[in-house]
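A.B. asks: 3D, please:
(3 chains)
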Amino acid sequence: MTIEQPVARALPVAPRHFAHGRQVFRDLFRQVSVILATCYLGLLTVVSLVVWIGSPMDPNAQDLTHRLNGPSAHHLLGLDALGRDVLARLVHATPVTFLAILEGVAVAAVLGVVPGLIAGFRGGALDAVMTKIADAFIVFPGLVLALAIIGALGPGLTNAMIAVGVLLAPGIYRVVRATTISVRQETYVQAARTMGTSNAGILARHVLPNVMSPLLVQLSLTASLVLLIEASLSYLGLGVQPPAATFGSMIKDAQQSMVSQPLLALFPGIAILLTALSFNLVADGLTRALKRRGLGADNS
Amino acid sequence: MLTTAEPAAGVPLFEVDELSVEFRHGNRVRRVVDEVSFQIGPGETLGLVGESGSGKSMTALAIMGLLGRLRFARSSGSVRLAGRELLGSSYRELSAVRGPELAMVFQDPMSSLNPALTIGHQLVETLRRHQKISRRAARERAVEMLKLAEIPAAERRVSAYSHELSGGMRQRVMIALALCCRPKVLIADEPTTALDVTIQAQILDLLRGLQSEFGMAILFITHNLGVVADLCDRVAVMYSGQIVEKAPVLQLFEELAHPYTESLLRSTTGRPRAVRGTAAGAVEHGCRFADRCRYAQEDLCGQEIPLLPRAGTVPHLVRCARTETLELDTVRAIADDENKVGAGDG
Amino acid sequence: MRTMSVNVVVEQRPPGADPVGAAAPAWDRRRSARVLRSLNAVVGRILNIVLLLFMVSLGTFLLLKLAGGDAADLAGGEQGATAADVAAARARLGLDQSLVQQYLSWVGHAVHGNFGNSYISGLPVTDLIVQRLPVTVALIVGTVVIAVPVSIVLGLLAGANEGRWIDRVVTGLCSVSTALPTFWFGLVLSLYLALRAGWFPATGFVPISQDPVAFIEHLLLPVITLAVPLAAALTRQLRGSVAEVLSLDYVRSAEARGASRISVLGKHTLKNASIPAITLLGIQVITLIGGTIIAEAVFGLQGIGSLVISAVQSRDTPVIQGVVFCSAIFAVIVNVVLDVMYRVLSPRTRSV
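C.D. replies: Presented below is the predicted three-dimensional model:
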């Protein structure tokens, strides 16, 4: 029991998120898993930039006499069925894969964040209709939907990524909407409203900072999903079209010669696994860091 | 099934000796219960009083052996039931004792009942865990128990879920659950705090009635001295993990000797004078109440103070450096008030 | 946690349902009010299902119509078809009608289980789907049958030992398994366990009626491929909710009454902790339709997945539409089953 009467605070004060920002950042990078994941993703980013500027490697140079050879001093990861250097192909697949992830996440973010904010902030019939649509997406098998969209737009990496973005947008929509609603009902937001703060002001000052953390977590998870679905679609031949390659399509190519040279399928698979794992680890780490600061992302 | 033999002459039914609980966070160790000792005899009720954070509930959980869930908590000392040591027993040994020997009623009856199981299911499970009886017999015992707990339409309520009952009904169910195996000792951890005032009195009456019927010892944990006056034979006042005053209930109300007890009594009798600060419990040396105490004197209260008997015929223990010289301002006035108001606070 | 319109319906109390009167008759009145409310709920749920199916069918129809206008060119015949041929094909397929007419006639046929004929093979879409259904159903059922018990054991183990080494191992395995590209995992399994070791056949399907042993042999690898990520997701969820439920008051009070370890974990904890996991299972089982597409491709199985992939590649609109609509029906069935399970596990939703 409390014998003394707690002094009632005159005005509810908004929690200062940015004061927490630095601490969350520190907690985030105190986790070994997050450091490793970030290093790996950083490496891939650097590789992508190098390829984009101009890479010294040629992914299409063929050495047919040594095709399907294992790793050697000349070709660190060996050669594929057409005698192309596997490392060079992996390196050149990196920016394509990253760009695909970026496209998918961007589509999902645009389709998820804006309606989520509007629905959460305005409520009413608009919210009800949009939420119903999001529900319909979620109770529906995702890949089948992606296939239907690709069926309409035609195969190709960008089309596939639009499909994946549409597919994953409801997840982001839900998180953004839920957070917006919970912020809107906070006492300090109500107080700000009574003091005449405009809707735009409330959105910018209270809602967005609160939405940021769960959104970041969700975006990181989405990136991992986009990568995995992209790889599946490319494997099925509905994503990236040759001669361009992503990690997923490299596995498709490797499948034919898998029995004689299993390493061909192994390397791009590990690349996908590590990348998806890294995105998940960053998301988990961020959730943990936020929880420790009492900013628990309402993510589940 | 493990049974405890009738206590030999001279061995108290229930004895807690220098029980301590420590929380460890890395290198930091915090003692939340500090060498608490008391005894309770059959049919007797001991009140354990203190504000939140004083370690009352931790004491109860440590006695029950339910600290296991808190992995950073360690308990030491001794808890003896009819001479048998409970502290440090294995889960299997403890689970044979919990129910038929030692039972507990929790503060919040809503969250203490499993929402996915019917009342009857939980009663039957407990009965059949400890007694070799058929499902049908257990079901009959369950209804009987609910009737004893004065639950109307017990035959129907036995197949109800907790969310279908009112708060008072739920606490009656909790009491029925705790008492269905006729325990020798019942720990009641703020059983009326979550309830309406009118219901509180009914629940206390029920406990009193069942105690006279079953003859069990009760450890009654509360923050409400009014309830203590109503129900208990003896009182132990806890502050910041330590017992600061222990006396028979009448003695405590007539001659309370610790400044903290005084402030507790003030807040209960509706004449609150805010106690400064909060129970931080971080003080390592000297009186833990000193920095909130109106009577504190730096030279006296800075040293370790033992729990000592006061002069007189009645057993009355106090942990205060100034106890021999201190004249508490309002002891008499409050005690008179308390007599007038009577037990109505419960 | 998601709250889904199809399975969690928060009903409003009908007027007069409040038991104000005396205690005894209130019970009966409450009971009749409950019947009324659950009737309300059933009607609401059916409306929801119809709405969902309507939205899905209209959505796919519009999508395919707006983008896939050249379907008649495909159906009109091979190269060298004249404009007149294409027009004839268009009239034959009903593509010259207005969009509204086309949609309504599609719905009209779909209600009777007729999804039209494939543009490519000319066979009825319904026959194509029914013919390939056993493979897909076997995959989904097999995956669930393997993944659920595994995740219950691992989830309880990890959740009850939160923070200890066994929890770390299980959590780590889950993290890796959720990041696993399914098709690659399947390839690795088929390479090392089928092609190299020869323990299992690498491709193909044998109906259970023909040879149960061969059925299981052929199915085991694709099922494991799909079960690992599913079990990982379920284990993660269960671990979290088990750890949470174990810290709740009612578990502690069950322990205070002397409940055994097994009863605490198996009865008091699992029943309550499984509710969010079942929600997840529902979503995942629906997602599994997508997974079977990949497993079929890797292991050369002729199921719904390979049907829809070839349909997408050749823009065989009726087949795509039919598969999408059947998937939606499957999703609805899964949700109804979920709803029933909620009601069994959580009495609160039963009488709300």
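
A.B. asks: quick one, phi psi at residue B:238?
C.D. replies: Dihedral pair for residue B:238: phi -110, psi 140, per degrees, to the nearest 10.

A.B. asks: Can you get me a residue count around it?
C.D. replies: Neighbour count for residue B:238, taken as other Cβ atoms under 10 Å in any protein chain shown: 26. C-betas here are computed from N, CA, C, even on glycine.

A.B. asks: Likewise for the one 3 residues further on?
C.D. replies: Around residue B:241 sit 25 other residues, with neighbours defined as other Cβ under 10 Å.

A.B. asks: Would you agree it is in contact with residue B:19?
C.D. replies: No: if you go by Cβ atoms under 8 Å, residue B:241 and residue B:19 don't touch, sitting 10.4 Å apart.

A.B. asks: Quick check: residues of chain C near chain B?
C.D. replies: C:23-24, C:27, C:163, C:246-261, C:263, C:267-268, C:271-272, C:345-348, C:351 (Cβ under 8 Å from any Cβ of the partner chain).

A.B. asks: Quick check on residue C:114: phi, psi?
C.D. replies: According to degrees, to the nearest 10, residue C:114 has phi -110, psi 110.

A.B. asks: quick one, what contacts it?
C.D. replies: The contact partners of residue C:114, by Cβ atoms under 8 Å, 6 or more residues apart in numbering or on different chains, come to C:124, C:126.

A.B. asks: That one and residue C:124, how far apart?
C.D. replies: As judged by Cβ to Cβ, to the nearest Å, residue C:114 and residue C:124 stand 7 Å apart.

A.B. asks: if we can go back for a sec, please enumerate the shared neighbours of residue B:241 and residue B:19.
C.D. replies: Common neighbours of residue B:241 and residue B:19 are listed as B:33, B:36 (criterion: Cβ under 8 Å, 6+ apart).

A.B. asks: just to revisit the earlier point, any quick PyMOL command for the buried ones out of the residues of chain C next to chain B?
C.D. replies: Buried residues within the residues of chain C next to chain B, by 16 or more other Cβ atoms under 10 Å in any protein chain shown, are selected in PyMOL with:
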select buried, chain C and resi 246+248+249+250+251+252+253+254+255+256+257+258+259+260+263+267+268+271+272+345+346+347+348
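
A.B. asks: in the stretch 151-300 of chain B, which spans are helices?
C.D. replies: B:154-157, B:167-179, B:197-214, B:225-231, B:249-254, B:259-268, B:298-301 (DSSP state H, counting those that start in this stretch).

A.B. asks: Sorry, wrong one. I was asking about the stretch 1-150 of chain C.
C.D. replies: Applying DSSP H, counting those that start in this stretch to the stretch 1-150 of chain C gives helices spanning C:23-67, C:71-75, C:83-93, C:99-111, C:125-160.

A.B. asks: Out of those, the one nearest chain A is which?
C.D. replies: Closest of the helices of the stretch 1-150 of chain C to chain A is helix C:23-67, at 3.5 Å (criterion: Cβ to the nearest Cβ).

A.B. asks: in chain B, which segments are predicted with low confidence?
C.D. replies: Applying pLDDT under 70 to chain B flags residues B:1-10, B:69-71, B:268-285, B:326-346.

A.B. asks: Which residues of it lie near chain C?
C.D. replies: B:64, B:66, B:69, B:71, B:91-92, B:94-100, B:103-104, B:106, B:108, B:111-118, B:122, B:125-126, B:129-130, B:152-153, B:156, B:161, B:163-164, B:174, B:177-178, B:181.

A.B. asks: Buried by neighbour count, from those residues: which ones?
C.D. replies: With burial judged by 16+ other Cβ under 10 Å, the buried subset of the residues of chain B next to chain C is B:64, B:66, B:94-100, B:103-104, B:106, B:108, B:111-118, B:122, B:125-126, B:129-130, B:161, B:164, B:174, B:177-178, B:181.

A.B. asks: now, which of these lie within helices?
C.D. replies: If you go by DSSP state H, these have B:64, B:94-97, B:111-112, B:122, B:125-126, B:129-130, B:174, B:177-178 in helices.

A.B. asks: tally of neighbours for residue A:204?
C.D. replies: By other Cβ under 10 Å, 12 other residues sit near residue A:204.

A.B. asks: what's the answer for residue A:136, then?
C.D. replies: As a burial measure, residue A:136 scores 22 neighbours (other Cβ under 10 Å).

A.B. asks: Tell me, what's the model's pLDDT at it?
C.D. replies: Note for residue A:136: predicted pLDDT of 75.

A.B. asks: next one: the one 10 residues further on
C.D. replies: Looking at residue A:146, its pLDDT is 82.

A.B. asks: if I look at it, how far off is residue C:294?
C.D. replies: Counting by Cβ to Cβ, the separation of residue A:146 from residue C:294 is 12 Å.

A.B. asks: Pick out whichever of these two has more residues nearby.
C.D. replies: Just comparing residue A:146 and residue C:294: by other Cβ under 10 Å the higher neighbour count belongs to residue A:146, 29 against 26.

A.B. asks: Tabulate the helices of the stretch 1-150 of chain C (JSON lines), appending distance to chain A and mean pLDDT.
C.D. replies: Shown next, in JSON lines, are the helices of the stretch 1-150 of chain C (distance: least, Cβ to the nearest Cβ, whole Å; pLDDT from 0 to 100):
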{"stretch": "helix C:23-67", "distance to chain A": "4", "mean pLDDT": "71"}
{"stretch": "helix C:71-75", "distance to chain A": "11", "mean pLDDT": "53"}
{"stretch": "helix C:83-93", "distance to chain A": "17", "mean pLDDT": "67"}
{"stretch": "helix C:99-111", "distance to chain A": "14", "mean pLDDT": "79"}
{"stretch": "helix C:125-160", "distance to chain A": "11", "mean pLDDT": "91"}
